[in-house]
Every structure is written in C-alpha cells, then in structure tokens.
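only geometry, no sequence info:
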C-alpha cells in the first residue's frame, strides 16, 4: 500500500514538473505567431502537428515531431525510465531550436535589406511615369529573393481586384517590420495625395533601411557570446543524455519513483535555463505602427 502511494505521488509530481516545464518555456518564448506566418490548422494538437510557415517548413516540422516520438520511445525501451524518454523526445525538436539561435534575426536583417533594395527598384520604375500599381507589378521580375514571394502575392492581390490600401497593408503585415511599414505608409499616402515627390521619399526610406541593416548587424555581432553559451550548454546536455543512454549504470540511481521525480525536476530546470539563456540572446521584436488589413475593406 505504501509502495503504491509512493508511485502515485511520483507520477503526480512528475506530471507537475512536466507542466511546469511547459509553462516555463511558454513564458520565456511566448505563444504569439510571428507576423507573416501562416496560422496552423487549428488549436491544440492539430496546430502543434501542422505547425506554421511554408509547406516545406510544415513537413519538416511534422517529420521532427515523428522523430521525437520514435526517439523518446526507443530511449524508454533502452533505459526503462519514462522521464528519460520524455527528455529525449523534448531534445529532438528542442536541439535545432536552440542551435538555430540567431538565424531568425539574420533572416529578418536579410529581409529588411531586400525591402530597401526593392524600394530602390520601385523608385526607379515609378520614375518612368507609370502609375503606382503598374510600378509595383513591374518590380516582380527583379524582386529580391528574400521577399519575392511576398511581392508576388502583393501583385496577385492587386490584379485580383483588392483595394490597393488593403493589399499594401497585407504586404506590410507579412513582412512584419517597421522599415517595411515606412515604405507602405509612403505608398498609401501617395494613393490619396498623388504627389510628385514619391521617388524622393522612397529614396530616403531606402537609405534609412540600409542604415538600419548596418545597425542591426552591429548589434547582432555583439550577441555572439550569449549565443555561443546556448550552443555550448545544448551540446553538454546532449552529451549527458547520450552517455546516460549508453551507460545504464549512470541512470540506475534514477530508477526509483523518487529518482524519476528528481530527474524530472533537474530536466525541467535545465531546459528552462536553456530557454531563458536563448531568450536573452534574442533582440526584442521591433514595434510596428501599421495595422493589419480590415477584411471588410479588401474589395471595393
């Protein structure tokens, strides 16, 4: 009877530790979808399974989840410890997430540089006397690769009969950066006043975008040390888990219910620490000033 009570307490404690781990990661990482990303298929498990982003990214996400389940099951079969299986299952998708620290900011910088380049091309095309919509369409063949999909979608919406303001707001929402908001705001203002200084404004914004890119790259270089710490701690964690899987004597003291609780607490604390260090190495998301397009104003 006492042994059963101990196992029950261990199971409840383990579940509480796992719930605490999930809440810690959510608190540190957040749950909001980044601007410009396609939403998942639905709430809960469906959204977790389908992921977000392009079709290729969603398939890679699903393959990673399947690999996590298989790896967790194999770890449990090898060691007979459920917490080890849980930690391995968390490590499979968590390792790429931790090692990819900084890539999102580098991609954002590349996209802002592409926005500046596209703005210069739009300035050159509009200088030929074409209307704004025709000038935007004319930039499609030479749109930078980083934002080519968004530019093509913008043109497709304009050609499908969307109001220019709504199409431009949707474009800014997909890019999700205040530099692009400046470009779109200038274009929307031009729709109303039809001034002849659009080229000068676009040239100034393109120059400001170049300065913003230089500043962000300088800040990015200063974040190298904390990101190295994230990768180092991640590598040490993987080495410890691998050693425990290969050497059953190492994890044997955790084979009791109390040992499983201790392992769950230590694992939750360490994963929370990694997520915290990663969050410190990430810059805050720049505040935008343009709203999302109103669905009621999409078509005239």
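Great, that's in hand. Just so it is clear, the structure is predicted and the values come from calculations on it, not from any experiment.

quick one: the helices in the protein?
With helices called from DSSP state H, the chain shows them at 2-29, 44-50, 55-79, 82-99, 103-126, 132-138, 148-159, 164-175, 178-193, 198-222, 224-246, 248-251, 257-280.

now the second one: mean pLDDT?
Read that as helix 44-50. When pLDDT is averaged along helix 44-50, the result is 66.

What of the fourth one?
Mean pLDDT, computed over helix 82-99, is 85.

please renumber so the chain begins at 50
Sure, I'll start counting at 50 from here, so that last one is helix 131-148.

Could you list the buried residues of that helix?
131-141, 143-144, 147 (16 or more other C-beta atoms under 10 Å). C-beta: built from backbone N, CA, C; applies to glycine.

Residue 111 touches residue 104, doesn't it?
No: taking contacts as C-beta atoms under 8 Å, residue 111 lies outside contact range of residue 104: 10.7 Å.

More neighbours: which of those two?
Comparing residue 111 with residue 104 by other C-beta atoms under 10 Å, the one with more neighbours is residue 111, at 13 against 8.

residue ranges with poor pLDDT in the stretch 100-249 of the chain?
Low-confidence segments of the stretch 100-249 of the chain (pLDDT under 70): 100-103, 243-244.

that older thread, which of the helices of the chain sits closest to residue 341?
Residue 341 lies closest, by C-beta to C-beta, to one member of those: helix 213-224, at 5.0 Å.

Would you indicate which residues of the closest one are buried?
213, 214, 215, 216, 217, 218, 219, 220, 221, 222, 223, 224.

do stretch 114-133 as well
114, 117, 120, 121, 124, 125, 127, 128, 130, 131, 132, 133.

do stretch 279-295 as well
Within stretch 279-295, the residues scored as buried using 16+ other C-beta under 10 Å are 279, 282, 283, 286, 287, 290, 293, 294.

Report the contact partners of the second one.
The contact partners of residue 282, by C-beta atoms under 8 Å, 6 or more residues apart in numbering, come to 322, 323, 326.

Where is pLDDT lowest across the residues you listed?
Out of the contacts of residue 282, that is residue 326, at 78.

Can you tell me the closest non-neighbouring residue to it?
Spatially, and ignoring its direct neighbours in sequence, residue 326 is nearest to residue 279 (5.2 Å; C-beta to C-beta, 6 or more residues apart in numbering).

The one you found reaches residue 146, doesn't it?
No: using C-beta under 8 Å, residue 279 is not in contact with residue 146; the gap is 10.1 Å.

Quick check: of the buried residues of stretch 114-133, which lies closest to residue 347?
residue 114 (34.6 Å).

Does the closest one touch residue 98 like I think?
Yes: using C-beta under 8 Å, residue 114 is in contact with residue 98, at 6.6 Å.

sorry, back to before: and the contacts of residue 282, which of them are buried?
Of the contacts of residue 282, these count as buried by 16+ other C-beta under 10 Å: 323, 326.

And the contacts of residue 282, which is closest to residue 242?
Nearest to residue 242 among the contacts of residue 282, with distances taken as C-beta to C-beta, is residue 326, at 49.3 Å.

contacting residues around the closest one?
With contacts defined as C-beta under 8 Å, 6+ apart, the neighbours of residue 326 are 275, 278, 279, 282.

any idea how far the third one is from residue 232?
When you say that, I think you mean residue 279. Applying C-beta to C-beta, to the nearest Å, one obtains 34 Å for the distance of residue 279 from residue 232.

Could you do the first one as well?
Look at residue 275 and residue 232: by C-beta to C-beta, they are 32 Å apart.

More neighbours: which of the two?
Neighbours per residue (other C-beta under 10 Å) separate residue 275 from residue 232, with residue 232 holding more: 25 against 16.

was I right about that one contacting residue 253?
No: applying C-beta under 8 Å, one finds residue 232 not in contact with residue 253, separated by 10.6 Å.

before we move on, the earlier item: distance to residue 271 and pLDDT added to the buried residues of stretch 279-295, as CSV?
CSV is the format used below for those (distance: C-beta to C-beta, whole Å; pLDDT from 0 to 100):
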residue, distance to residue 271, pLDDT
279, 15, 76
282, 20, 78
283, 21, 79
286, 25, 78
287, 27, 79
290, 31, 74
293, 36, 74
294, 37, 71
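
Disregarding residues adjacent in the polypeptide, which is nearest to residue 251?
Spatially, and ignoring its direct neighbours in sequence, residue 251 is nearest to residue 172 (4.1 Å; C-beta to C-beta, 6+ apart).

I misspoke; the intended subject was residue 140.
Distances taken as C-beta to C-beta, 6+ apart put residue 290 closest to residue 140, at 6.2 Å, once the chain neighbours are dropped.

go on, residue 234?
residue 339 (6.4 Å).

quick one, what contacts that neighbour?
218, 221, 222, 230, 233, 234.
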